[in-house]
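> Could you work out the structure for the sequence below:
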Amino acid sequence: ERSDTDLNDSCARFLTLGLAMLYLGRGEDAEAVTEATGIIEHPIKESVKLTIQTFSYCGTGNVLQVQRLLEIAGQHPPPEEKKLATDENKDETKEEKEKAEQEKKEAEEKARLMEQHDIQPIAVVGIALVAMGEDIGAEMAYRTFDNLLQYGEVAVRRAVPLALGLLSISEPNLS
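From the prediction side, this is the model:
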């Protein structure tokens, strides 16, 4: 029961991290908490769910979780649509223009909040957390991170070095 200003604060991510650490390596035991976070009416809801699910499968090598995280990490934003000045657009009334302007402002605000709580870096680190439990999974994660560095969004590329460090935290891989 926090206000939107509290959830927009950067410290809210630490609360998410603390909650997720309670379910570290527990697997399906975290499903109830994940479902309970569905009542949050704020863009942070998706990052909370993803963080809890990622930590609950930490070190398991669960292939289905890795595939789901790869799907999230590999998403690209849709291209922006540009309106052409045609005769149809000239006939818009003042009310329609105000409505379109209001919708544009709402979309920009939602995009700004989603950038603040971007889930793609969480998914990248999650791949490392899930795959660090086994050698074959770690090797596949190395290859995946190479592809994400080449083709991923900026937020994804920024998270890859941390994920690489997590994969070889106790046994450095110099190759």
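
> check contacts around the closest residue in space to R26 that isn't next to it in sequence.
Of all residues not flanking R26 in the chain, S56 sits nearest, at 5.1 Å (Cβ to Cβ, 6 or more residues apart in numbering). C-beta coordinates here come from the backbone N, C-alpha and C atoms, glycine included. Going by Cβ atoms under 8 Å, 6 or more residues apart in numbering, S56 touches 20, 23-30.

> separation between S56 and K94?
For S56, the distance to K94 equals 53 Å [Cβ to Cβ, to the nearest Å].

> go on, E108?
E108 is 21 Å from K94, by Cβ to Cβ.

> Comparing these two, which residue is more hemmed in?
Per other Cβ atoms under 10 Å, whichever of E108 and K94 has more neighbours is E108, with 10 against 7.

> Tell me which residues are up against the helix or strand containing L149.
According to DSSP states H and E, L149 maps onto helix 135-151. Under the contact criterion Cβ under 8 Å, 6+ apart, helix 135-151 has outside partners 61, 63, 66, 70, 73-74, 124, 127-128, 130-132, 156-157, 160, 163-164, 167-168, 173.

> hmm, back to that, which single one of the contacts of S56 is nearest to K45?
Among the contacts of S56, A20 lies closest to K45 (Cβ to Cβ), at 13.7 Å.
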